[in-house]
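Asker: Quick check, what structure comes out for this input:
(2 chains)
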There are 2 protein chains.
Amino acid sequence: MLNFDFQNPTRIVFGKDTVARLSELVPASARVLILYGGQSAERTGTLAEVRAALGARTVFEFGGIEPNPAFETLLRAVELVRAEHIDFLLAVGGGSVIDGSKFVAAAVPLAGDPWQILESFGGVVQSALPLGVVLTLPATGSEMNHTSVVTRKATHTKAFFASPFVAPQFSILDPIKTYTLPARQLGNGVVDAFVHVVEQYLTYPVDARVQDRFAEGLLQTLIEIGPKVVHEPADYDSRANLMWAATMALNGLIATGVPQDWATHIIGHELTALHGMDHGQTLAVLLPSMLELRREAKRAKLLQYAERVWQLTEGSEDARIDLAIHKTREFFESLSVATRLSAYGVGADAIDALVAAVETHGMVSLGEHGDVTPALSRKVYAASL
Amino acid sequence: MLNFDFQNPTRIVFGKDTVARLSELVPASARVLILYGGQSAERTGTLAEVRAALGARTVFEFGGIEPNPAFETLLRAVELVRAEHIDFLLAVGGGSVIDGSKFVAAAVPLAGDPWQILESFGGVVQSALPLGVVLTLPATGSEMNHTSVVTRKATHTKAFFASPFVAPQFSILDPIKTYTLPARQLGNGVVDAFVHVVEQYLTYPVDARVQDRFAEGLLQTLIEIGPKVVHEPADYDSRANLMWAATMALNGLIATGVPQDWATHIIGHELTALHGMDHGQTLAVLLPSMLELRREAKRAKLLQYAERVWQLTEGSEDARIDLAIHKTREFFESLSVATRLSAYGVGADAIDALVAAVETHGMVSLGEHGDVTPALSRKVYAASL
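Answerer: Coordinates of the predicted model:
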């Protein structure tokens, strides 16, 4: 096991009918900004519930935070916060709204160009506004971590930052809030949570047994509930299990003391930036090819994954690895998330520009061994057509 | 899944050679009290390392905190803290030292009789001194939770309290610190961690899949490493896995959204109070009988335990349950922790007094269904002879 430092102070308030708890969780004197995405927050009644729970507090609202939240959009929220002396941010939504709100929280007190936050990967952040969350879309884990991804629309740049100052003070997770989600977002969410776990698990063994068992337990849970979550009527227990699994998939816990990969996420970002694919779709497309092409470096863990997650113990090592990758692809397809670029209208002619973007963004030695070069990324894109 | 509220702000600094990190973790201006147990902390060099890391800070020391820390002893530490205006507590040891230090942290700022802390189960605690930990004995999880057990020697009362104010600010977990532990403490530690998980897992199903998988992963890890930890020369990886498993076993995480039992712990306390048995020994003795006698109420979870933890899928339900309980007992014995009261010199003539103590302490409706009456506790003691 590698040495590690772990701390996660976010308070989780989980379960049915917990939105009303905002009345105790947000300071009574706060000037609150509710940040949200599209019209669904209004249509489903969640915003009304939030407003009711905030009672007599002074409340402002900022809607229109898009999927892959735009730097340009968020700067308008920063202006509003400064102009109105807002002192508490409340994100109501999924990963994009929460990530965007983290950026706003860090940008408000920062002097100078807010893009520095992303250029420094969060290093310049020395304080942030307090942030609370009402989660409506389980997927990214942003509700219980201190990372954020923001896109600069002008340059198609998807950039990442992390800072302990932007960890939410609390997050309310009410599984009922997921009942109205469309199947596409649910499928993407299950894939996203699954691949988050894989990025922290499917590397090489360091005898970190608890972390491996926890990661395998999350993958098994997602496999068990995923199709039901996407294709059957909303059901409390499966939604609750999805919500908690997605949160635990990226809150730092299973990352403790183990190597991490993240190459699939990083080269997937270029598919979102250049072709507008959903984040979950990029992962479903690239992961099977990535595992296939890196099977030697990942052999020991792929065999463990095959055995413990998919119960594959018969046949040669390579046969088991092949089948585990095949089952992974089948699982994504069972969620109605297509696993070939062709399904999204991306062809071989797109690859040069994707690889060029990977190089432009300096993503030239990715993965747990730093051996995912642009040449290998090219192969992964090509194998995913 | 049941609704829940979860927050655990303790920072964990884990790995080789991390004691030196005290220099950054303890405020530079702090007046520090080092609390420890017996002479082993001095003999092994840990105290010297701690003193060196604290550098020029003003440091006081309080040794002699016993296993099952005594209220009477801890009051002397409270006096020292008040007299010397100490403002930071540093516990160096295992669960008893940490539990005792939590009590001191809460008692120092409290007006009136400190026993109130235990009588109110922590309800009267409104503040506490900051507490850091250097863990030397993995077992209780006290390094990452906000609970404590203190014994009033005068009355043989083992009492519990909990308060978010006494959660350690940080805990340093260096597996190398466990190398000098005697086999008896290691065996007890593995049993204690194992039974902590069982108390939160082996109740009745509520479709909390992540929590179940995590609990099963901890049990599997302890089963894999336990005998090696106890009987083989100190080995970094198995000690590291023990340390992290024991911490995760009782930091609130696997308790989220599930029913809990704790009857084995509670009636075990009387064996410690009246017969001086180690805490781990009481658990190893009582758990197999407790599971046996409550098999109907726990049937569904016992079958899951048999299948997922012990890979028992053949035979009738009762045969699988019998074998799972048998294997649990064998596992404890493989750690050189005896599982019969007779091995500790406790006979049938002791039972009346044990049951009377359970009743005196009001422990009359224990367990996840509240159906562990004194009559059932009597049967458990009797079946454990």
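Asker: Show me what from the stretch 101-250 of chain A comes close to chain B.
Answerer: A:207-214, A:216-218, A:220-221, A:224-225, A:237, A:240-241, A:244-245, A:248 (Cβ under 8 Å from any Cβ of the partner chain). C-beta: built from backbone N, CA, C; applies to glycine.
Asker: Give me the buried subset of the residues you listed.
Answerer: Applying 16 or more other Cβ atoms under 10 Å in any protein chain shown to those, the neighbour count classes A:207-214, A:216-218, A:220-221, A:225, A:240-241, A:244-245, A:248 as buried.
Asker: Please flag which of those residues sit within helices.
Answerer: Members of these lying in helices (criterion: DSSP state H): A:209-214, A:216-218, A:220-221, A:225, A:240-241, A:244-245, A:248.
Asker: check contacts around the spatially most central residue of chain A.
Answerer: By Cα atoms, centre = their mean, the mean C-alpha position of chain A lies nearest to residue A:140, the distance being 2.5 Å. Contact analysis of residue A:140 by Cβ atoms under 8 Å, 6 or more residues apart in numbering or on different chains lists A:94, A:95, A:98, A:99, A:192, A:196, A:246, A:250.
Asker: That one: which element?
Answerer: According to DSSP states H and E, residue A:140 maps onto no helix or strand at all.
Asker: Just the helices from the stretch 201-350 of chain A, written as ranges.
Answerer: For the stretch 201-350 of chain A, the helices identified by DSSP state H, counting those that start in this stretch occupy A:209-231, A:236-249, A:263-275, A:279-293, A:299-310, A:317-334, in order along the chain.
Asker: Provide the contact partners of the third one at residue level.
Answerer: Going back to what we said before, that points to helix A:263-275. So helix A:263-275 is in contact with A:68, A:149, A:151, A:156-158, A:195, A:198-199, A:277-279, A:281-283, A:285-287, A:290, A:341, A:344-346, A:350, A:353-354, A:357-358, A:361, A:363, A:366-367, A:372, A:377, A:380-381, going by Cβ under 8 Å, 6+ apart.
Asker: burial measure for residue A:352, as a count.
Answerer: By the measure other Cβ atoms under 10 Å in any protein chain shown, the count of residues near residue A:352 is 11.
Asker: Can you tell me how far it is from residue A:377?
Answerer: Here the distance between residue A:352 and residue A:377 works out to 12 Å (Cβ to Cβ, to the nearest Å).
Asker: residue contacts, the residue in the stretch 251-385 of chain A that chain B sits nearest to?
Answerer: Residue nearest to chain B within the stretch 251-385 of chain A (Cβ to the nearest Cβ): residue A:257, separated by 6.6 Å. Contacts of residue A:257 were listed using Cβ under 8 Å, 6+ apart, and they are A:1, A:2, A:3, A:4, A:206, A:208, A:211, B:14, B:15, B:240, B:244.
Asker: Need phi/psi at the third one.
Answerer: Think residue A:3. As for residue A:3, its main-chain torsions (degrees, to the nearest 10) stand at phi -60, psi 150.
Asker: Go ahead and confirm it touches residue B:12.
Answerer: No: using Cβ atoms under 8 Å, residue A:3 is not in contact with residue B:12; the gap is 10.8 Å.
Asker: Show me which of these two is the more surrounded one.
Answerer: Between residue A:3 and residue B:12, counted using other Cβ under 10 Å, residue B:12 has the larger neighbour count: 26 against 15.
Asker: And what about the more buried one, helix, strand or coil?
Answerer: Going by DSSP: H, G, I helix; E, B strand; the rest coil, the secondary structure assigned to residue B:12 is strand.
Asker: Now it: closest residue in space, sequence neighbours ignored.
Answerer: The spatial neighbour of residue B:12 that comes closest, neighbours along the chain excluded (Cβ to Cβ, 6 or more residues apart in numbering or on different chains), is residue A:6 at 4.6 Å.
Asker: For burial, what's the neighbour tally of the one you found?
Answerer: Around residue A:6 there are 19 other residues, counting by other Cβ under 10 Å.
Asker: for it, what are its contacts?
Answerer: If you count contacts by Cβ under 8 Å, 6+ apart, residue A:6 has them with A:252, A:253, A:256, B:11, B:12, B:14.
Asker: could you dump those residues to TSV with pLDDT and distance to residue B:268?
Answerer: Putting the contacts of residue A:6 into TSV (pLDDT from 0 to 100; distance: Cβ to Cβ, whole Å) gives the following:
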residue	pLDDT	distance to residue B:268
A:252	97	34
A:253	98	30
A:256	98	31
B:11	98	31
B:12	98	28
B:14	98	29
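Asker: in stretch A:103-121, what's buried?
Answerer: Within stretch A:103-121, the residues that qualify as buried by neighbour count (16+ other Cβ under 10 Å) are A:103, A:104, A:105, A:106, A:107, A:108, A:110, A:114, A:116, A:117, A:118.
Asker: before we move on, what about stretch A:14-34?
Answerer: Residues A:14, A:15, A:18, A:19, A:21, A:22, A:25, A:26, A:30, A:32, A:33, A:34 are the ones in stretch A:14-34 that count as buried (16+ other Cβ under 10 Å).
Asker: Which of the buried residues of stretch A:103-121 fall in helices?
Answerer: For the buried residues of stretch A:103-121, secondary structure assignment (DSSP H) places A:103, A:104, A:105, A:106, A:107, A:116, A:117, A:118 in helices.
Asker: Could you export those as CSV, including pLDDT?
Answerer: Formatted as CSV, the entries for these read as follows, by pLDDT from 0 to 100:
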residue, pLDDT
A:103, 98
A:104, 98
A:105, 98
A:106, 98
A:107, 98
A:116, 96
A:117, 98
A:118, 96
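Asker: ok, the residues you listed vs residue B:79, which is closest?
Answerer: Proximity of those to residue B:79 was ranked by Cβ to Cβ; the top entry is residue A:105 with 44.5 Å.
Asker: isn't that closest one right up against residue A:127?
Answerer: No: in this structure, residue A:105 is not within contact of residue A:127 by Cβ under 8 Å, at 9.2 Å.
Asker: what number of residues lie near residue A:373?
Answerer: The local packing of residue A:373 (other Cβ under 10 Å) involves 16 other residues.
Asker: how about the closest residue to residue A:152 other than its chain neighbours, phi and psi?
Answerer: The shortest distance from residue A:152 to any residue that is not its chain neighbour, by Cβ to Cβ, 6+ apart, is 4.5 Å, and that residue is residue A:71. Backbone torsions for residue A:71, taken as degrees, to the nearest 10, come to phi -40, psi -50.
Asker: correct me, but residue A:71 touches residue A:155?
Answerer: No: under the criterion of Cβ under 8 Å, residue A:71 makes no contact with residue A:155, lying 9.3 Å away.
Asker: and these two? which has more neighbours close in?
Answerer: residue A:71 (21 against 11).
Asker: how about that one, what does it touch?
Answerer: The neighbours of residue A:71, taking Cβ under 8 Å, 6+ apart as the test, are A:103, A:114, A:115, A:118, A:150, A:151, A:152, A:153.
Asker: same check, this time on residue A:14
Answerer: Here residue A:14 is in contact with A:172-174, A:240, A:243-244, B:1, B:3-6, B:256-257 (Cβ under 8 Å, 6+ apart).
Asker: which sections of the stretch 101-250 of chain A are below the confidence cut-off?
Answerer: Residues of the stretch 101-250 of chain A that meet the criterion pLDDT under 70 are absent altogether.
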